[in-house]
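**Student:** mind folding the following:
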Amino acid sequence: MAALTALAGAAVVVIPGGDDAPPADVEKGRAPDSPRVPTELLAEHPLSTREAERRLEARFTSPRDDDSAAVRCAGREPRPAHAIRRCRVRYPNGTQRNVVVLLDARGRELLSEF
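**Tutor:** Alright, predicted model coming up:
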């Protein structure tokens with residue numbers, strides 16, 4: 001019993017804890033979480049609806065095919081930590097693509113294709 005008490009006392013002295021312990025940084029050395037859906041940075045700041053449409057038109061126009069794209073975006077839908085804007089890309093041949101523009105908590109506009 002005395003040996004067990006001595007061992008417990010030594011553990012308290014050797015293992016730092018309480019106010020004297022350095023703060024544990026659980027994020028240190030950890031790779032950032034990758035997004036579940038691939039995203040592409042459109043802007044480092046929030047965009048107006050028209051500016052988002054212009055950037056998406058430039059992004060989805062193919063210069064080698066001379067294929068233009070028309071983009072229409074809805075208004076932002078606020079969420080707890082971000083906002084989303086749903087956009088539809090239409091090509092002259094009738095093909096359509098739906099994309100989402102995400103305004104993240106840092107104020108960046110991110111393109112997410114699904």
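
**Student:** C-alpha only now, for contacts and for neighbours.
**Tutor:** OK.

**Student:** next helix or strand past the helix-or-strand element of the chain with minimal mean pLDDT?
**Tutor:** Ranked by mean pLDDT, DSSP states H and E, the helix or strand of the chain with the weakest confidence is helix 2-14, at a mean of 51. Toward the C-terminal end, the helix or strand that comes next after helix 2-14 (DSSP states H and E) is strand 39-43.

**Student:** who does that following strand pair up with?
**Tutor:** Partners of strand 39-43 in the sheet, by DSSP bridges, are strand 109-113 (antiparallel).

**Student:** what bits of the chain have low per-residue confidence?
**Tutor:** Low-confidence segments of the chain, defined by pLDDT under 70: 1-37, 63-67.

**Student:** my guess is residue 44 meets residue 111, correct?
**Tutor:** No. Applying Cα atoms under 8 Å, one finds residue 44 not in contact with residue 111, separated by 11.9 Å.

**Student:** the more surrounded of the two?
**Tutor:** The neighbour count for residue 44 versus residue 111, taken as other Cα atoms under 10 Å, is higher for residue 111 (22 against 12).

**Student:** for that one, give me its contacts.
**Tutor:** 39, 40, 41, 42, 99, 100, 101, 102 (Cα atoms under 8 Å, 6 or more residues apart in numbering).

**Student:** reformat those as JSON lines; add distance to residue 52.
**Tutor:** Below are the contacts of residue 111 laid out as JSON lines (distance: Cα to Cα, whole Å):
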{"residue": "39", "distance to residue 52": "15"}
{"residue": "40", "distance to residue 52": "13"}
{"residue": "41", "distance to residue 52": "12"}
{"residue": "42", "distance to residue 52": "8"}
{"residue": "99", "distance to residue 52": "12"}
{"residue": "100", "distance to residue 52": "11"}
{"residue": "101", "distance to residue 52": "8"}
{"residue": "102", "distance to residue 52": "11"}
